[in-house]
Structure formats: structure tokens, C-alpha cells
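[1] got a predicted model here, sequence first, then my questions.
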Amino acid sequence: MHKLRHHLLTIAAALLFASLPATAQSVLPDSFAGWTAAAKQTSAQPGTGDPTSVAVAKEYGFTSGEQRRYMRNGEMLQANIYRMADPSGAYGEYSYLRTQDMPHADLAEHSAMTSEHALALEGNLVLDVRGTNLAKSEADLKSLVDMVGKQAQMGPLPTIQDHLPTDGMIERSDHYILGPLALDRFFPLTAGDWLGFSHGAEAETAQYKLNGRDVTFLIADYPTPQIAADELRRLQEQFNVNGSKAGGAPLFAKRTVTKLSFVRGAGTQAEADILLKQIQSGTQVTWNEPTFQFKEPSIEMMIVGAIVSTGTICLFSLIAGLAFGGFRIAVKRFFPDKVFDRSSHLQVLQLGLSSKPIDAEDFYGVSDVPAPKAKIPKGMTDRVALRLFR
């Protein structure tokens, strides 16, 4: 009885573990490339003690975190996982954590690394690794990124960064923004949601060198052109946008369909237009069905086509007639009086229009009894004789 109870408890525990959501399962492995982990730590907060960073992570959709310390031959790595609600939020968190002094690494498509800090984006997961002399452990870190990526939720990433101007942009200065706290760090203007994230906005910021001057560029995308236009009017009433108000730092802006672009730090409107005029936006219609172009043929092609078509019809009629006639002759030859021209069912209507006299014996009757020979007056001409023989 005790053993049965033990087995039942084991099965129940296994079923309970299998039913746990993916967020409760471990993402960081127990070991990789010779590195061994200490006890796993999970947390409802990001792996940082900075309250602002915690709040920003929640703006990006942070759901859970995981931390592990790995050891190998006296060396140590601290790995943190940021699990976000979707890949777009993970991309924003990755861009927030990445600094300009972190060049691109080969850990993943979106990854950066210095000698003491490495970042990698995999779906809705952001891997943050701290250590010393990480360059020599790049292959090991790539193995860790591959293992983490197997548990990531993949999906499309934001595309607003593709609309950033490219001329004069400082490398790795772009950041994807989904809330006012992250915006206040990279484009400080005033506290609160002044850009309209509550109305569905997403934004991207970047630093530029413009005529020897450091300027900050901001582009925001809204769900509809009407919302973008309303937000621009509201900002013109609140700030000195394109000279809308006297006093205050000038802010140069431009609306392009659903997007608002801002330049801060430029000296004049002409200087800001160097960046603003690079923003192009519009509606693109993609037709995935096969298409064709109708072109009226020339008169020569029409005549040739008519002749060829007529010849084809005549040839088909000739072949069909010969085939039918040959078939009929063959059937009559091998099956005489069986299929075609059966004497017991043949009825003939003849007009005496020739010089040959009409002879009833030349025709078949409807019965097996021969028809009596008809007597025709010799004085009657054949051309006016009209007889019906059955």
C-alpha cells in the first residue's frame, strides 16, 4: 500500500511539472561548454538593482527574470535572463541595455559585447552576461546563446528603425522606445507621456553629427494619420515646435502620414531639414496574385490567326469524317446487316427525278415479306413520279 501511494505521488508530481507554464521552466542550463552553474535564482524583477531600469523593463513588457552564476577553473560568469511578453519588447530592452561602446558580436543576429559585458537577443528573451575577458570565451557564450534560443518565443521585430536617416548617424546610438521612462533617458523633454504612448505610439531615437553639432533625432509612429496630426497640434501648443511658441529650446518637427519626426539640438530649420527630409513614408500595396498585361494583336497577326484557326477546324472535320466513315465501313464489313442499314428497319423516301424508272425491289421493306412489284404507266414521265415505298 505504501509503494502504491508512492507511485501515485510520483505520477502526480510528474503531471504537475508537465503542466507548469513555460515561464516557470528554467531557461539557463545547468552547464555549457565546461561551465557549471550554481543554484538557479528566479525573480519577478529584472536582474538589476536600479529602480529606473526595473521600471523601464516593465514598460517593455518584462514578465520574469532568471539569474545564474557559472564557474570554470576559478573563473566566473553572471548570466541574467529577461523574459519579455513579445519579441518587440525584448528588442526594446536589448536596445536599452546596449551602450555605444558595445560593438556588434557574433553571438546572434542582434548581439553586442565588450570585455566585461555581453548582450544577445533571442526572440522574447534577452541574455545579459557579465564577466572578465569575455572575448576569449566568445565561443562558449555562443553555445549558451544557442541553448537559450531554443526556449525563446520567436516573432517579428519592429521595423521603425529602418526609417531612421543614415547620414551622420552615430553607430549603436539607436534605441527602440515604448514608454515615457525610456524616452526620458534618450530624448529628455518633459516628464510624463508627452509623446502619446497611450495612443499606441512606438518610437526610435538616435544620435547624429550634424555640421559638427551633436543632435538627437526622434521618430514616432502612430496607428493612423489622424492621431499623428492631432499629436503634432498638441505638441505645437505645448512646446516650441517649428517656432510655434516664443521662448524655449526649439524643436523641429515634420509629419509624414502616420509618423512624426523631431530634431533636437539643431541650430536652424535648414539644418534640421537635413535629417527631416530623409524621412519618407507612404502606403505600399502588394499584389500577390499572378498578373498579366492585355495587348491587342496587330492586323497581320489577326489574319494569320484566323487562317490558321480555319485550317485547323477543316483538318479536324476531315479527320473526324474519315474516322466516322471508316468506322462505319468496318462495322458493316464485319457485322453485315447487324448494326447499320438493317433491312428490317430501313425506310426509304425516293423522288423520281432521274431517268431511271423506280423499282420497288431496289429498296428494303419494313417487314420480311417482299413488297409487290409496282406497275407504272409507261406514259408517265419519271420526273413527275412521286412514290413512297415502305
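    Right, received. Where do you want to start? Numbering: from 1, shown residues only.
[2] what's next to stretch 80-89, contact-wise?
    23, 27-28, 46-48, 57, 60-67, 90, 93, 123-130, 148, 153-158, 176, 178 (CB atoms under 8 Å, 6 or more residues apart in numbering). From N, CA and C alone the C-beta is placed, and that goes for glycine too.
[3] what's the answer for stretch 260-267, then?
    Contacts for stretch 260-267 (CB under 8 Å, 6+ apart): 187, 189, 210-211, 213-220, 222, 228, 231-232, 235, 249-255, 272, 275-276, 279.
[4] the residues you listed, buried ones only, as a PyMOL selection?
    Selecting only the buried entries of the contacts of stretch 260-267 in PyMOL, with 16 or more other CB atoms under 10 Å as the criterion:
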select buried, resi 187+189+210+215+216+217+218+219+220+222+228+231+232+235+250+251+252+253+254+255+272+275+276+279
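[5] could you list which of the contacts of stretch 260-267 belong to strands?
    Among these, the residues falling in strands (DSSP state E) are 210, 213-220, 251-255.
[6] as TSV, the residues you listed with pLDDT and distance to L183 would be great.
    Converted to TSV, those look like this (pLDDT from 0 to 100; distance: CB to CB, whole Å):
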residue	pLDDT	distance to L183
L210	89	21
R213	91	22
D214	94	18
V215	96	16
T216	97	11
F217	97	13
L218	97	8
I219	97	12
A220	97	9
L251	94	14
F252	96	18
A253	96	15
K254	95	18
R255	95	18
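[7] turn those residues into TSV, including distance to I307.
    TSV is the format used below for the ones in strands among the contacts of stretch 260-267 (distance: CB to CB, whole Å):
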residue	distance to I307
L210	71
R213	77
D214	78
V215	73
T216	74
F217	69
L218	70
I219	64
A220	67
L251	75
F252	71
A253	69
K254	64
R255	63
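[8] work out for me the element S111 sits within.
    Here S111, judged by DSSP states H and E, is contained in strand 110-113.
[9] may I see the buried residues of that strand?
    110-113.
[10] then stretch 139-154?
    Buried residues in stretch 139-154, defined by neighbour count with 16+ other CB under 10 Å: 140-145, 147-149, 151-152.
[11] for stretch 117-136, same thing?
    117-129, 131, 134.
[12] show me where the stretch 101-250 of the chain has its strands.
    Applying DSSP state E, counting those that start in this stretch to the stretch 101-250 of the chain gives strands spanning 110-113, 117-122, 125-130, 175-177, 202-210, 213-221.
[13] now do the fifth one against strand 213-221, angle only.
    This points to strand 202-210. 160 degrees (axes from the mean of the first three to the mean of the last three CA atoms, to 10 degrees).
[14] rewinding a little: mind putting the buried residues of stretch 139-154 into JSON lines with distance to F32 and pLDDT?
    Shown next, in JSON lines, are these (distance: CB to CB, whole Å; pLDDT from 0 to 100):
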{"residue": "D140", "distance to F32": "7", "pLDDT": "96"}
{"residue": "L141", "distance to F32": "9", "pLDDT": "96"}
{"residue": "K142", "distance to F32": "10", "pLDDT": "96"}
{"residue": "S143", "distance to F32": "5", "pLDDT": "96"}
{"residue": "L144", "distance to F32": "5", "pLDDT": "96"}
{"residue": "V145", "distance to F32": "10", "pLDDT": "96"}
{"residue": "M147", "distance to F32": "6", "pLDDT": "96"}
{"residue": "V148", "distance to F32": "9", "pLDDT": "96"}
{"residue": "G149", "distance to F32": "13", "pLDDT": "95"}
{"residue": "Q151", "distance to F32": "14", "pLDDT": "94"}
{"residue": "A152", "distance to F32": "16", "pLDDT": "95"}
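[15] and those as JSON lines, adding distance to A201?
    Listed next are the buried residues of stretch 139-154 as JSON lines, based on distance: CB to CB, whole Å:
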{"residue": "D140", "distance to A201": "40"}
{"residue": "L141", "distance to A201": "35"}
{"residue": "K142", "distance to A201": "36"}
{"residue": "S143", "distance to A201": "39"}
{"residue": "L144", "distance to A201": "35"}
{"residue": "V145", "distance to A201": "31"}
{"residue": "M147", "distance to A201": "36"}
{"residue": "V148", "distance to A201": "31"}
{"residue": "G149", "distance to A201": "30"}
{"residue": "Q151", "distance to A201": "31"}
{"residue": "A152", "distance to A201": "26"}
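[16] mind listing which of those residues are in helices?
    Of these, the ones assigned to helices by DSSP state H are 140-145, 147-149.
[17] re earlier: name the helices or strands packed onto the strand holding S111?
    On a contact count with 3 or more CB pairs under 8 Å, 6 or more residues apart in numbering; DSSP states H and E, strand 110-113 meets strand 117-122, helix 138-149.
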